[in-house]
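Asker: here is my input; please provide its structure:
(2 chains)
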Amino acid sequence: MAQFPIADPAPADGKLPEQALIGASVRTFHAYIHVPFCSVRCGYCDFNTYTSSELQGFNQTDFVQRLLQELDFSQRVLETSGLPQRALTSVFFGGGTPTQLPVSDLVRSLEALTEIFGLSSHAEITTEANPDSVDVRYLNALAAGGFNRVSFGMQSAVPSVLKTLERTHNLENVPLAVRYAKDAGLKTSVDLIYGAPGESLDDWKRSVEAAIGLETDHISAYALIVEPGTKLYRQIQSGQLEEPDEDLEADKYEFADEAFGSAGLNWYELSNFARTPSDASLHNLAYWTGQDWWGYGPGAHSHVGGVRWWNAKHPTAYAKPLLDGLSPAVGREVLDDQARLSERVMLELRLRSGLASEVLTGVTGDVDQKISSLIADGLIDGVAAIRGTISLTLRGRLLADGVVKRLLA
Amino acid sequence: MSPRSSRRLEPSKTDPSLIRNFCIIAHIDHGKSTLADRMLQLTGIVDDRSMRAQYLDRMDIERERGITIKSQAVRMPWDVDGQTYALNMIDTPGHVDFTYEVSRSLAACEGAVLLVDAAQGIEAQTLANLYLAMENDLEIIPVLNKIDLPAAQPEKYAEELANLIGGKPEDCLRVSGKTGVGVDALLDKIVATIPNPVGDPNAPARAMIFDSVYDSYRGVVTYVRMIDGSLAPRERIQMMSTRAIHELLEIGVSSPEPEPTKGLGVGEVGYLITGVKDVRQSKVGDTITTQAKPAIQALKGYSEPKPMVFSGIYPIDGSDYPNLREALDKLKLSDAALVYEPETSVALGFGFRCGFLGLLHLEIVTERLEREFGLELIATAPSVVYEVTMEDQKEFTVTNPSEFPTGKIKRVLEPMVRATILSPKDYVGTIMELCQARRGSMIDMQYLGEDRVQLRYSLPLAEIVFDFFDQLKSRTQGYASLDYEEAGLQEGDLVKVDILLQGDQVDAFSAIVHREKAYAYGVMMTGKLRELIPRQQFEVPIQAAVGSRIIARESIRAMRKDVLAKCYGGDISRKRKLLEKQKEGKKRMKMVGRVEVPQEAFIAALSSDSEKKGEKKGK
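Answerer: Numbering: from 1, shown residues only, chains lettered A, B, ... in the order given. So this is what the prediction gives:
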């Protein structure tokens, strides 16, 4: 499992420093709920999630209870820290597999959030779903309970690739689940993963075409990240599986970008494609544009005005302080101006809308020189740059981290 | 076994007829230090409890590598037929780089124990030192060591030794430094056969310096052999090469710990301390006399150490440059042969061009800099000194390939060596191939015994300094041994090969090579760099050029993917930290134009393929 960053300890009362208040009224507010349950753990997964056998003495009912306690706690913290009351612009249930929970639990949690904070008029309410763990009734109940978007973990349309990833869902269930979701009036998205060991370019093409064929509003396509501590990492280290080939991954990305584009799905973030600008995920955009969000649940991360904190990962460690009305957070970072600038460059550059070049006045070195060399290397759009926006070209998207380093160096 | 001596002869009052001065000539690993340990124990000057393995090797590096860099002299009492004698054992360095120091150690003795591993036979270096000892008219006592080993073949090698030095195979003593067998007989034989020193006790004092060691507490400790006259504490002494005067703060003998005495008389061996802080003020080979009654004629054989191999040494972290300077200044105090001057490299920043006696010397110095001073260093490929004459008669001395002059060159002279290689006869073919490939020409070939051969070659030093020794060892399964001596300058058809990254010359990779090898060097280096330099955001051509002519070309394809696909709430802090860490890592990158080259690539590209640190000098 990925390690938390090294940081300061989080205060037990959760109180936020004054810095968090600056500009709060112009930032939107969002909620993320982490549901740490899965029926099985996939080989590549380093997320904070547990199978029932891994979690003895902590059941799903306890979890929802603690979640509701954290909701109360968050309201107290935001209020006593002096933050303005803001309705939620988006709510996102992720995991794990949120749909492992009875639909009534998800709806009840959403209701509690709505009661406390209220929802803005076009609030986006999403849950992730495993195509196997939802049926018509479940999806209808979600829609009836206030959800308006569902994101399916499809990953691949090729059985051998799913097997390498240790995904257990039934391939035929994906189109069914998407259709039921649409019928229920939900917006739909699917996640794809490319670069699994052994996945050929043709395998990937099949997956991309299958995903396009689902006619969802949104597709996310991620290169597989081999995280230390996962089974996949060990399999690669020991030579059982081959290491992902970055050139092949670049080919796959270029193919997907082209295919999605022809199908009317345009990139709005490096790994995210939407049918129309209004199909872009509001929740995801909140992360990349530095809005405020509270992350609920074990291991969830929060951000309010340049203050980041994160909860204890293990559900029982998470639960304990909440029983005493204390913060479940184990670490916190109060970002200084330099760190906030770095994050802005790093995140906003990922977006098609790009980074305003005036943001770069704070970085060291000759910015104009950096920009012109990036244009010369074909990494950023020259016309956009003249108009004051740093926006990545296709090649630049594939080398985004290097571009960030060059801008900040 | 002879009894340990119950009394010791008092230094400064010992009759020269009761003194025996000897050294041990041996190849690395033939057991010299272990034999010396047994002698210390047997003569009782080190008790069994405080005995530690290889007592005389003082530096950690020496003990770890099992080699002796600095010699020392130990005075031991030994009784034969009721008469006590004083034996001075002078421990000589065993490596080709230190031939000059060996020659001075030999000049301090009347006899030498020729110690040969009974399982391996004589090696080239030993042979070279043996010839040196014979030229100095030393009495040679042949000894076969390690006779306790199952693989020992004492008869075979006794025969070989008899052939080399004359005499009968049965005259060859057989000992085991490990078990102590035969060591007492050896001590008896030293007393019996090695001539006692002869000198004029009433003549002006003349003492020869055969070693000079820096001690951080006491300053320079100088080891001397009295030839004529005597020295006493508090006397004012004079170095005959520099005329510098020092006061004798302490004089004594090592036994084996330093013991102050009332002086040193004719034929004695001991140490002096004058309070000087730099071994350059007390040079090996120099003659010491007294200010009050100075000698007129210095002893023969003194010469200044002359660096043969040069290398640029750079700190990996540029901010360590002042620390490197300080470390070199300190090291110089204990190493008279080390020379250096500041140098700047476009690729590597600020550093020093350092001159060494040879490759081992280079390795020892860099290792000491890293170990004793905690520095991380890059050393450029070793280079030799070229004398370049231009068409317009201008002359240049080039110790750094990047300083090789451009323009019309009339001729280039390069240093040559006469190399001696000893090997089992089965490997003669492969050795000849190697020497030919290294532009060697054979001088002669001789059979030493039935199956061992001595080959002598004239070779350019530049061909030896890179990886010749490793090649020789690997081609002969470690059986061949090598020794060489300077043999003047010779004209060579030499050119400079430059390496360019994206059109920018990388000075650290320039090399002076024979014209016929320029292409091979270019292909090798460009290929190596292609493997070592990580892909950049743009394509990077790597070229090798002689003058303006490109002779080899490779290219590093542009990197295509460098992006973390996912970056949601919890990933942000992690990813920022990762970026910050990578920014730190960038400090360890050297920029060549726009190309980022990791330090590791420099280090790997500059080291020879077969070389792995530490293995080289092992066996």
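Asker: other SSEs contacting the longest strand along chain B?
Answerer: Here the longest strand in chain B is taken by residue count, with DSSP state E as the criterion, and it is strand B:409-424. Packing contacts for strand B:409-424, counted by 3 or more Cβ pairs under 8 Å, 6 or more residues apart in numbering or on different chains; DSSP states H and E, involve helix B:124-135, strand B:386-390, helix B:428-437, strand B:452-460, helix B:461-465, strand B:481-491. Placement of C-beta: from N, CA and C, glycine included.
Asker: winner for burial among those?
Answerer: Among these, ranked by average contacts under mean count of other Cβ atoms under 10 Å in any protein chain shown, first place goes to helix B:461-465 (a mean of 24).
Asker: the longest strand of chain B vs helix B:428-437, what angle?
Answerer: The directions of strand B:409-424 and helix B:428-437 differ by 170 degrees, with axes from the mean of the first three to the mean of the last three Cα atoms, to 10 degrees as the criterion.
Asker: redo the helices and strands packed on strand B:409-424 as CSV? Include mean pLDDT.
Answerer: Conversion of the helices and strands packed on strand B:409-424 to CSV gives the following (pLDDT from 0 to 100):
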stretch, mean pLDDT
helix B:124-135, 84
strand B:386-390, 95
helix B:428-437, 95
strand B:452-460, 93
helix B:461-465, 89
strand B:481-491, 88
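Asker: ok, back up a step: the longest strand of chain B: partners in the sheet, and parallel or antiparallel?
Answerer: Counting by DSSP bridges, the strands paired with strand B:409-424 are strand B:386-390 (antiparallel), strand B:452-460 (antiparallel), strand B:481-491 (antiparallel).
Asker: which residues touch residue 7?
Answerer: No chain was given, so I picked chain A. Taking Cβ atoms under 8 Å, 6 or more residues apart in numbering or on different chains, we find A:A7 in contact with A:R308, A:G331, A:R332, A:E333, B:S573.
Asker: wrong one, I was asking about chain B
Answerer: By Cβ under 8 Å, 6+ apart, B:R7 lies in contact with B:P77, B:T84.
Asker: sorry, back to before: which two in the contacts of A:A7 are spaced the farthest apart?
Answerer: Farthest-apart pair in the contacts of A:A7 is A:R332 and B:S573; separation 10.1 Å (Cβ to Cβ).
Asker: between these two, which contacts overlap?
Answerer: With contacts taken as Cβ under 8 Å, 6+ apart, A:R332 and B:S573 have A:A7, A:R308, A:W310 as neighbours in common.
Asker: thinking again about what came up before, could you export the helices and strands packed on strand B:409-424 as JSON lines, including distance to B:K300?
Answerer: Written out in JSON lines, the entries for those read as follows (distance: least, Cβ to Cβ, whole Å):
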{"stretch": "helix B:124-135", "distance to B:K300": "12"}
{"stretch": "strand B:386-390", "distance to B:K300": "29"}
{"stretch": "helix B:428-437", "distance to B:K300": "34"}
{"stretch": "strand B:452-460", "distance to B:K300": "27"}
{"stretch": "helix B:461-465", "distance to B:K300": "26"}
{"stretch": "strand B:481-491", "distance to B:K300": "18"}
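Asker: quick check: longest helix of chain A.
Answerer: For chain A, the longest helix by residue count, based on DSSP state H, is helix A:60-80.
Asker: for that one, packing partners?
Answerer: Helix A:60-80 is packed against helix A:103-117, strand A:292-296, helix A:315-323, with contacts defined by 3+ Cβ pairs under 8 Å, 6+ apart.
Asker: could you give the average pLDDT over that helix?
Answerer: In this model, helix A:60-80 has an average pLDDT of 93.
Asker: what's the answer for stretch B:276-290, then?
Answerer: Rounded mean pLDDT across stretch B:276-290 is 89.
Asker: and what of stretch A:253-260?
Answerer: Rounded to a whole number, the mean pLDDT of stretch A:253-260 is 98.
Asker: what residues of that stretch count as buried?
Answerer: By neighbour count, and taking 16 or more other Cβ atoms under 10 Å in any protein chain shown as the criterion, the buried residues in stretch A:253-260 are A:Y253, A:A256, A:D257, A:A259, A:F260.
Asker: which of these come close to chain B?
Answerer: Applying Cβ under 8 Å from any Cβ of the partner chain, the subset of the buried residues of stretch A:253-260 adjacent to chain B comprises A:Y253.
Asker: show me the buried residues of stretch A:253-260 that map onto helices.
Answerer: Using DSSP H, the members of those that fall in helices are A:Y253, A:A256, A:D257, A:A259, A:F260.
Asker: quick revisit: in JSON lines: the helices and strands packed on helix A:60-80, plus distance to chain B.
Answerer: Listed next are the helices and strands packed on helix A:60-80 as JSON lines, based on distance: least, Cβ to the nearest Cβ, whole Å:
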{"stretch": "helix A:103-117", "distance to chain B": "16"}
{"stretch": "strand A:292-296", "distance to chain B": "6"}
{"stretch": "helix A:315-323", "distance to chain B": "14"}
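Asker: show me which of A:R332 and B:S573 is the more surrounded one.
Answerer: In terms of neighbours (other Cβ atoms under 10 Å in any protein chain shown), B:S573 is the more surrounded of A:R332 and B:S573; the figures are 23 against 19.
Asker: my guess is that one meets A:A339, correct?
Answerer: No: if you go by Cβ atoms under 8 Å, B:S573 and A:A339 don't touch, sitting 9.2 Å apart.
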